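> I need the structure of the sequence given here:
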Amino acid sequence: MFEAVDETGRRINIHLVQVEQLKQMTLYCPYCLNRLRVRQGRKRTHFVHVSACTGESSAHQGWKTTLAEYFRSLGYDVALEQVQGQRRFDLWIPALRIAVEIQRSKMTALEWNRRRTIDQQKAYAVRWIGFHPTGGCIIKLDGWMKQALLTDGYLDLIEQGKINRYGFAVPFTKHLVICQRLETSFTQFIRPTPQAFPRKFSAKKWIQLVRKYRLRPFFSTMPNHLLKNPLYQAGLHVLYLPAHCFLPIETLLAFPLHPFELQMTLYLSLQGNYSKIRLEHALVSCLDACRISHEPNLLRRVVEDWMNLLAVARICQQSSIATTVNRFKEDAVLAGAIQLFVEKETGINEVRE
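Residues are numbered from 1 along each chain as shown. Coordinates of the predicted model:
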């Protein structure tokens, strides 16, 4: 929208008035007469509705009210729909200089990054809250959610009438991850420390996910020359690939690729002969072929995580004929070994004792 009316009813064209001047004016929609504000979008500046015509759902509105009442009950002043420079927050807590954004729509990762850049420049601490309608530990990462998870290390999601925090996400498709539910308190919400919680791994759930993938009709989103052709030329099938082609590698979330397809691609490329140098070289070649950008630090973390899990796989590896039954057994043994590895790494066993 590029036109508004002021308090006198005079029409205001956004292209004819300076942005800073517009921000100081009280403007209304010429159609519904509700308040408008100025938004500086990626392509052009335009007017958007402040409240009545925002298109916000009743759930969105309801949670804004609920959270505002909660923070006020703790003694904090809370402002709704607070405009701070270029940003408008669902909730603003001045004493903490913390904003809350409740996001129900499928905002893009690019837009989330744009807003985050503004927030960092202005030193705003923003807590993002999404919606998780299906519930449970499997989450579909739409748009901004994946970027937020990669950046913050956790997601706060509304499900079944309460806010739950999820972290330690392991991807098993391009858009689905299996997460661990973390403790959420007021202190954790204000000053999040998701890495303070011990990481857990469910062998049972992972076995089910891998088995389901092995049994489904094979379809690859990778370029044919990277996966499909080498797989068939080697006379192999997903059912008979070794268990270490389906590792729960958290850092693979950073790449817009199917994690199992990427692991199978590199297994075929390296012919099962892994080392840090060979794995990193093969990974870079694969990402370049898929035209995916990558950073050295991220590559090192991915390779390190990958090699650690491969070391676990080697310990429990057994020579057996490549049959469906044997591969399913290998999957189960490896998942159990990884669960023990994770518990030992995070000290869960020591706590239990």
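> In the protein, which helix is the longest?
The residue-count maximum for a helix in the chain (DSSP state H) belongs to helix 324-346.
> what comes up buried for that helix?
327-328, 330-339, 341-343, 346 (16 or more other C-beta atoms under 10 Å). From N, CA and C alone the C-beta is placed, and that goes for glycine too.
> What is the nearest of these to residue 20?
Nearest to residue 20 among the buried residues of helix 324-346 is residue 346, at 51.4 Å by C-beta to C-beta.
> how near is the closest one to residue 200?
In this view, residue 346 and residue 200 are 8 Å apart by C-beta to C-beta, to the nearest Å.
> what mean pLDDT does the longest helix of the chain have?
For helix 324-346, the mean per-residue pLDDT is 92.
> now do stretch 141-156
Averaging pLDDT along stretch 141-156 gives 92.
> start to end distance for that stretch?
With C-alpha to C-alpha, to the nearest Å as the measure, stretch 141-156 spans 13 Å from end to end.
> As a check, name the ranges of all helices in this structure.
Taking DSSP H as the criterion, the chain contains helices spanning 19-23, 58-73, 109-121, 144-152, 186-190, 203-215, 228-233, 259-270, 276-289, 296-315, 324-346, 348-352.
> So which other helices or strands are in contact with the longest one?
In this structure, helix 324-346 packs against helix 203-215, helix 296-315, with contacts taken as 3 or more C-beta pairs under 8 Å, 6 or more residues apart in numbering; DSSP states H and E.
> Please work out which residues outside the lengthiest strand in the chain touch it.
If you go by DSSP state E, the chain has its longest strand at strand 162-171. For strand 162-171, contacts defined as C-beta atoms under 8 Å, 6 or more residues apart in numbering pick out 129, 132, 137, 139, 149, 153-158, 177-184, 188-189, 192, 194-195, 197, 199-201, 206, 248-250, 252-253, 259.
> Strand partners (parallel or antiparallel) of that strand?
Strand 162-171 sits in its sheet next to strand 154-159 (antiparallel), strand 176-182 (antiparallel), going by DSSP bridges.
> Quick one: work out the angle between it and helix 58-73.
Angle, strand 162-171 to helix 58-73, by axes from the mean of the first three to the mean of the last three C-alpha atoms, to 10 degrees: 110 degrees.
> tell me the average confidence for strand 162-171?
Summarised as a single mean, pLDDT over strand 162-171 is 93.
> Give me the buried positions along that strand.
Buried residues in strand 162-171, counted by 16+ other C-beta under 10 Å: 163-171.
> and if you look at stretch 213-229?
Buried positions in stretch 213-229, judged by neighbour count with 16+ other C-beta under 10 Å: 213-214, 220, 222, 226-228.
> Closest to residue 23 out of those?
Among the buried residues of stretch 213-229, residue 222 lies closest to residue 23 (C-beta to C-beta), at 48.0 Å.
> What are the neighbouring residues in contact with the closest one?
Residue 222 makes contact with 228, 257-258, 261-262, 265, 290 under the criterion C-beta under 8 Å, 6+ apart.
> distance of it from residue 282?
Relative to residue 282, residue 222 is positioned 13 Å away (C-beta to C-beta).
> could you dump the longest strand of the chain to CSV, C-alpha only?
Backbone C-alpha positions of strand 162-171 (Å, rounded to 0.1, in the frame of the first residue of the first chain) are rendered in CSV as follows:
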residue,chain,number,x,y,z
LYS,A,162,2.0,-24.0,26.1
ILE,A,163,5.4,-22.9,25.0
ASN,A,164,8.0,-25.6,24.6
ARG,A,165,11.7,-25.3,23.8
TYR,A,166,13.4,-27.6,21.3
GLY,A,167,17.1,-28.1,20.6
PHE,A,168,19.8,-30.6,19.5
ALA,A,169,18.0,-31.0,16.1
VAL,A,170,19.1,-33.9,13.9
PRO,A,171,17.9,-33.7,10.3
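> Tell me the confidence at residue 21?
So residue 21 comes in at 87 (pLDDT).
> ok so, going back, greatest separation within the buried residues of stretch 213-229: which pair is it?
Spanning the widest gap among the buried residues of stretch 213-229 are 214 and 226, at 19.7 Å by C-beta to C-beta.
> hang on, the earlier thing: of the contacts of strand 162-171, which qualify as buried by neighbour count?
Buried among these by 16+ other C-beta under 10 Å: 129, 132, 139, 149, 154-158, 177-180, 182, 184, 188-189, 192, 194, 197, 199, 201, 206, 248-250, 252-253, 259.
> tell me the domain boundaries of this structure?
Domain assignment for the chain by automatic domain parsing gives 3-49, 58-196, 203-352.
> So what's the gap between the longest one and the chain middle?
So that's domain 203-352. Mean-position distance between domain 203-352 and its chain equals 20 Å (C-alpha atoms, centre = their mean, to the nearest Å).
> likewise stretch 7-16?
Chain-centre distance of stretch 7-16: 41 Å, with C-alpha atoms, centre = their mean.
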